[in-house]
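Engineer: what's the 3D shape of this:
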Amino acid sequence: MNKLDRLAFRAARSAARSRGARRALHPAGVIVTGRLVVPGRGTSWQVPWPGAPGSYPVTARWSLAAGLPRPVPDALGLALRVEDADGPGRCLELLLTSSGRGRWTRHLPFPRMSATRGPYTTLLPYEVGGDRGVVAAFPLPGTPRIPADPAAVGAALVLSPVEFVLCVGKAGAWLPWGRLVLQGAEPLRSGPDELAFDPYDNSLPGFRPVTCLRSLRVAAYAGSREGRLAAPPS
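Structural biologist: Numbering: from 1, shown residues only. Okay, the predicted model is just below:
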């Protein structure tokens, strides 16, 4: 672990301890269910994902990135677990953050007051076959406005699903490859066994995140886990 990684570890550990066993990053969230449909037509990706057609169950966590008190705008996180993406028991996990859609702004987190206004992206590129591009989820045009609050998101999705078009941004253009439908809400899991996502360990051949900053992220999440274990419940 280098110096920068150690700093990230300590900062995340301290933040998790101060929050009473809640994670340092994305501390407030709601778990929702859904389905990802991949038509498998149009653009030739030349790799099984995202080129192969299929329909897959999804577990997602919609969250506030920093857990800032309302009404302060916060960036939003949308973590996706696509079950059986590469066969039984082999999932794909994506971590998306509210962002811009431009060539440069797609790499930056954007605070939002609405959970359904604007795209979510992986910020860092994915390797897709022989190319690179940011993975993004765009709410369908006309999607009702939902406040950027986990409880509001959960309540809204119980009443009506929300749909996204999943794309890969290559050479400035957005190339669609799937449709995501999220609906319903599950009870939040808390403690050391709460739902966690790892886009590096749970990637697929020919469809995986670039490795830059991986060690920094691993250190921050390790610090957050240690802080949650050490902190008394809030």
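
Engineer: burial of Pro209, as a residue count?
Structural biologist: 21 (other CB atoms under 10 Å). Yep, even glycine has a C-beta here, placed from its N, CA and C like the rest.

Engineer: remind me which residues of this structure are low pLDDT?
Structural biologist: 1-27, 41-44, 187-194, 212-234 (pLDDT under 70).

Engineer: mind jotting down where the strands sit in it?
Structural biologist: Applying DSSP state E to the chain gives strands spanning 28-38, 54-64, 74-82, 92-98, 111-112, 120-121, 126-128, 131-139, 162-170, 173-186, 207-209.

Engineer: out of those, deepest packed?
Structural biologist: Highest mean neighbour count among those (mean count of other CB atoms under 10 Å): strand 120-121, with a mean of 29.

Engineer: sheet partners, orientation included, of that strand?
Structural biologist: strand 92-98 (antiparallel), strand 131-139 (antiparallel) (DSSP bridges).

Engineer: just how off-centre is it within its chain?
Structural biologist: Remark: strand 120-121 is offset 8 Å from the chain centroid, using CA atoms, centre = their mean, to the nearest Å.

Engineer: give me the contacts around that strand.
Structural biologist: Residues outside strand 120-121 that contact it (CB atoms under 8 Å, 6 or more residues apart in numbering): 76-78, 96-99, 106-107, 134-137, 164, 169.

Engineer: if we can go back for a sec, okay, the strands of the chain in CSV with distance to Ala152 next?
Structural biologist: Shown next, in CSV, are the strands of the chain (distance: least, CB to CB, whole Å):
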stretch, distance to Ala152
strand 28-38, 9
strand 54-64, 10
strand 74-82, 12
strand 92-98, 15
strand 111-112, 13
strand 120-121, 17
strand 126-128, 30
strand 131-139, 15
strand 162-170, 12
strand 173-186, 11
strand 207-209, 30
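
Engineer: before we move on, the earlier item: who wins for proximity to Phe197 among the strands paired with strand 120-121?
Structural biologist: Among these, the nearest to Phe197 by CB to CB is strand 92-98 (4.6 Å).

Engineer: and the angle from that closest one to strand 173-186?
Structural biologist: With axes from the mean of the first three to the mean of the last three CA atoms, to 10 degrees as the basis, strand 92-98 and strand 173-186 are set at 100 degrees to each other.

Engineer: just the CA trace of strand 92-98, in CSV.
Structural biologist: What follows is strand 92-98 as a C-alpha-only set of coordinates in CSV (Å, rounded to 0.1, in the frame of the first residue of the first chain):
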residue,chain,number,x,y,z
LEU,A,92,-21.5,-8.5,-13.3
GLU,A,93,-21.3,-5.5,-11.0
LEU,A,94,-21.2,-1.8,-12.1
LEU,A,95,-20.7,1.3,-9.9
LEU,A,96,-22.3,4.4,-11.5
THR,A,97,-22.3,8.0,-10.2
SER,A,98,-24.5,10.9,-11.2
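
Engineer: now the angle from that strand to strand 162-170?
Structural biologist: 90 degrees.

Engineer: residues in contact with strand 92-98?
Structural biologist: Residues beyond strand 92-98 that count as contacts (CB under 8 Å, 6+ apart) turn out to be 49, 65, 75-82, 85-86, 109-112, 118-123, 135-137, 197-199, 201-204, 207.

Engineer: try 7 Å
Structural biologist: Contact with strand 92-98 is made by 49, 65, 75-82, 85-86, 109-110, 112, 118, 120-123, 135, 137, 197-199, 202-204, as judged by CB atoms under 7 Å, 6 or more residues apart in numbering.

Engineer: and for stretch 170-189?
Structural biologist: For stretch 170-189, using CB under 7 Å, 6+ apart, the contacting residues are 30-38, 43, 50, 58, 60, 103, 131, 133, 136-137, 154, 157-158, 161-168, 195.

Engineer: and with 6 Å instead?
Structural biologist: 30-38, 43, 50, 60, 103, 131, 133, 154, 157-158, 161-168, 195 (CB atoms under 6 Å, 6 or more residues apart in numbering).
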